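Peer 1: from the sequence below, what's the structure:
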Amino acid sequence: MTRESTVSGVDHVELFVTDWDDAASWYERVLGITPDASFEEWWATGSGPLMLSVDDATKLALFERESAVRGHEVSPTRIAFRTDADGFVSFLDRLDTLELTGHDGDPVTPDDVVDHELSYSVYFTDPDGNLLELTTNDYDEATSRLN
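Peer 2: Below you'll find the predicted structure:
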């Protein structure tokens, strides 16, 4: 029996950050995610979250909150962002300049890439300690470029 879904996808994921401006700059610099102009009024008036968007279908809703402190789980366990093999390798090539850290506070390097045998992932945190992942399912192409 097939049932038509009322869900068409994930609209947004909420994260807590200590400073909207700093978080927006970090997400743009590291992942290329920028403020969504159609929701700018919420941010400008302080009445709602800062909405960041990759495209019309994928958004992050950043809520400013004092308790967003590294080591305290105030946001989802982890958010995984998907990219293709080119994006993954390009991200790894920029790791030195991004100065990312893992959940333990240690620097993230290309040696930290995890081979899941069907995909590759690299794990890191944002400045507020939110756990993030960049993953590619273009396994064969990524394998040829990583080895």
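Peer 1: do you have the strands of this protein handy? List them.
Peer 2: In the chain, the strands defined using DSSP state E lie at 12-17, 34-35, 50-55, 58-64, 79-83, 114-115, 120-125, 131-136.
Peer 1: and Leu146, which of the ones you listed is closest to it?
Peer 2: Closest approach to Leu146 among the strands of the chain (C-beta to C-beta): strand 120-125, 7.1 Å. C-beta: built from backbone N, CA, C; applies to glycine.
Peer 1: next, the angle strand 131-136 makes with the closest one.
Peer 2: Orientation check (axes from the mean of the first three to the mean of the last three C-alpha atoms, to 10 degrees): strand 120-125 against strand 131-136 gives 160 degrees.
Peer 1: quick one: list the elements packing against strand 120-125.
Peer 2: When contacts are defined as 3 or more C-beta pairs under 8 Å, 6 or more residues apart in numbering; DSSP states H and E, strand 120-125 packs onto helix 85-93, strand 114-115, strand 131-136, helix 139-146.
Peer 1: at 10 Å instead, please
Peer 2: strand 79-83, helix 85-93, helix 95-98, strand 114-115, strand 131-136, helix 139-146 (3 or more C-beta pairs under 10 Å, 6 or more residues apart in numbering; DSSP states H and E).
Peer 1: quick one: contacts of whichever helix in the chain runs longest?
Peer 2: Assignment by DSSP state H gives helix 20-31 as the longest helix of the chain. Residues outside helix 20-31 that contact it (C-beta atoms under 10 Å, 6 or more residues apart in numbering): 15-17, 19, 33-35, 43, 46, 49-50, 52, 54, 60, 62-64, 68, 81, 83, 87, 91, 94, 97-100, 124, 126-128, 130, 132, 134.
Peer 1: try it again with 7 Å
Peer 2: 17, 33-35, 43, 50, 52, 60, 62, 64, 81, 98, 126-127 (C-beta atoms under 7 Å, 6 or more residues apart in numbering).
Peer 1: before we move on, back to that, in CSV: the helices and strands packed on strand 120-125, plus distance to Val108, mean pLDDT and mean neighbour count.
Peer 2: As requested, these are exported to CSV (distance: least, C-beta to C-beta, whole Å; pLDDT from 0 to 100; neighbours: other C-beta atoms under 10 Å):
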stretch, distance to Val108, mean pLDDT, mean neighbour count
strand 79-83, 14, 88, 15
helix 85-93, 10, 94, 17
helix 95-98, 6, 93, 14
strand 114-115, 11, 95, 12
strand 131-136, 10, 90, 19
helix 139-146, 15, 95, 14
